[in-house]
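> Pasting a predicted model and its sequence here:
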Amino acid sequence: MIRRLEEIEDIMKGISLLQYYIKFSSNKLGLHDINKACEPFFCELFNILWDTKYKRLEYEEKNYPGIDLGDKKNRFSIQITTDGSKQKLWNTIEKFESHKLYKKYDLLLHFVVGEKHYSVKKSDEIQFKKVKHNIFLTNRKTDDFEYKIQIMDLMDLILLIDEEESNKVSNVHKFISENINAQIEGFQRQLYKIEPKRLNRFTANAFINSCGITNPVERKEILKDIQNLAENINELDENGRRFLYRVLATYKNKKSTSYNRDIIMDPRVVQRHLGIGDEILQTELKLLDHAELLDVDTLEYDGMLKLRYYDAEGNDLLSDVYNFCLANNRSLEKLILVPDFSQLD
C-alpha cells in the first residue's frame, strides 16, 4: 500500500513537471510544437495504461488531419494538443468530420497536454456532459455514422491512473520514471543540487561472500572500494544516474543469457532509448568519466561506451557488482537510481 502511494506521488510529480514545462515552453518561449515532441511519450503511456495499440499516424501521412494517434483495431483515435480552448476543440471535430475519419474510428479523444478550459454552455453547437472526474463526453452522429468524443487533460489522466490496479500503476510508474526526462531534459538541467543524497547504509556481506573473500582485512578493503563506488554514483545527478541505469539495463537485455566481463556497447543505442540529442549524450559521457565510471580510451579509439570502476587491486568492481545483481535477482534499478547498495547485503 505504501509502495503504491509512493508510485502515485512520483507519477503526479513527473506529469506535473511535464505540464509546467509545456506551459512555460508554449507561453514563454513560443515552442508551440512541443505537443508533437510529446506524441511518442503519450502514445506508449496510453498503450500501457489502457492495453491499446495506438500508433503515431504521421508515419502513415505527414500532418495527418485532425488526429495524432490511432488504434485501428479498437477504432480509437486521439488528438494531442497544448491548446485547451473550445475553439481548438471545435477545429479538431471539424477536421475529424470533414475528412470522414468517423468511418475509421468510433472514438475521438481530445487530449489536452496541460489544462483544458471547458465548461458546458447551452449556446454550444455540440453539447457535452461530464461523465467522470472532469472528463466530458458526447455522442455524435453524422452520415449515418455514430462516434463518441471525449475531452480530458493531464489531471484527468492522473485520476484515471490512480483508479488502476497496483500492477498497472507500477508499470505506468516505471515508464514515466524512465522516460519523462526525455521530454524535459533541457528544462531539468536548469536546477543544480548543492550536495548529493545521503546514502543508505549497507554491509555488502552477500556480495563479498560471493567473491570468496574471508580474510577480515581484505573484506574491509573491498567494502571501502564498494563504498567509494557508491559515493561516485551518488555524486551523479538524477539524470546521470538514469543514464547509467539505462546503459546497464540495455546491456542486461542484450546479454540476458551470458555474463560478459566488459560492459560495453554502442552509445547510440542508449541515446536512442532515452531520446536525447548529441549534446546531452556528450555531457552524460563526460559526467561518467568524471565519476571514474567510463573507459575513455575505448570511447575515443573504438567509439564504444565501456563502463568500469577499478578497485584497489585493479579489478573491475562495477562489472562484478552488475553480474552479482543479475545472478542473485537484486534490483539494478534501486542500486543505481536511489542509489541503494543494500542490494549487495
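That came in fine, so what should we check first?
> which stretches of this protein aren't confidently modelled?
The model of the chain has pLDDT under 70 over residues 1, 21-37, 62-63, 181-197, 253-260.
> where do the helices sit along it?
2-28, 34-50, 86-98, 154-162, 166-188, 205-210, 216-235, 238-254, 267-274, 278-290, 296-302, 317-327, 332-337 (DSSP state H).
> As a markdown table, the ones you listed with mean neighbour count and distance to residue 135 would be great.
Yep, even glycine has a C-beta here, placed from its N, CA and C like the rest. Shown next, in a markdown table, are these (neighbours: other Cβ atoms under 10 Å; distance: least, Cβ to Cβ, whole Å):
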| stretch | mean neighbour count | distance to residue 135 |
| --- | --- | --- |
| helix 2-28 | 16 | 16 |
| helix 34-50 | 18 | 14 |
| helix 86-98 | 16 | 13 |
| helix 154-162 | 18 | 5 |
| helix 166-188 | 17 | 18 |
| helix 205-210 | 16 | 49 |
| helix 216-235 | 16 | 42 |
| helix 238-254 | 18 | 32 |
| helix 267-274 | 17 | 32 |
| helix 278-290 | 16 | 36 |
| helix 296-302 | 12 | 49 |
| helix 317-327 | 19 | 42 |
| helix 332-337 | 20 | 33 |
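> Tell me which of those helices lies nearest to residue 147.
Closest approach to residue 147 among the helices of the chain is made by helix 86-98 (8.4 Å; Cβ to Cβ).
> which residues sit against stretch 156-173?
3-4, 7-8, 10-12, 15, 45, 48-49, 111, 133-135 (Cβ atoms under 8 Å, 6 or more residues apart in numbering).
> And residue 305, how far from residue 252?
Residue 305 sits 14 Å away from residue 252, going by Cβ to Cβ, to the nearest Å.
> what's the closest of the contacts of stretch 156-173 to residue 277?
Closest approach to residue 277 among the contacts of stretch 156-173 (Cβ to Cβ): residue 45, at 21.7 Å.
> so the closest one touches residue 175, yeah?
Yes: judged on Cβ atoms under 8 Å, residue 45 makes contact with residue 175 at a distance of 6.2 Å.
> picking up where we left off before, now distance to residue 68 too, for the helices of the chain, in TSV please.
Formatted as TSV, these follow (distance: least, Cβ to Cβ, whole Å):
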stretch	distance to residue 68
helix 2-28	15
helix 34-50	5
helix 86-98	10
helix 154-162	16
helix 166-188	15
helix 205-210	48
helix 216-235	38
helix 238-254	26
helix 267-274	22
helix 278-290	25
helix 296-302	38
helix 317-327	39
helix 332-337	31
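> So for residue 66, which of the ones you listed sits nearest?
Comparing these against residue 66 with Cβ to Cβ, the closest turns out to be helix 86-98 (3.5 Å).
> Relative to the whole chain's centre, how far out is that closest one?
30 Å (Cα atoms, centre = their mean, to the nearest Å).
> show me the contacts for residue 180.
14-15, 17-18, 41.
> Return the two entries of those residues that lie farthest from one another.
Top of the distance list for the contacts of residue 180 (Cβ to Cβ): 17 and 41, 12.9 Å.
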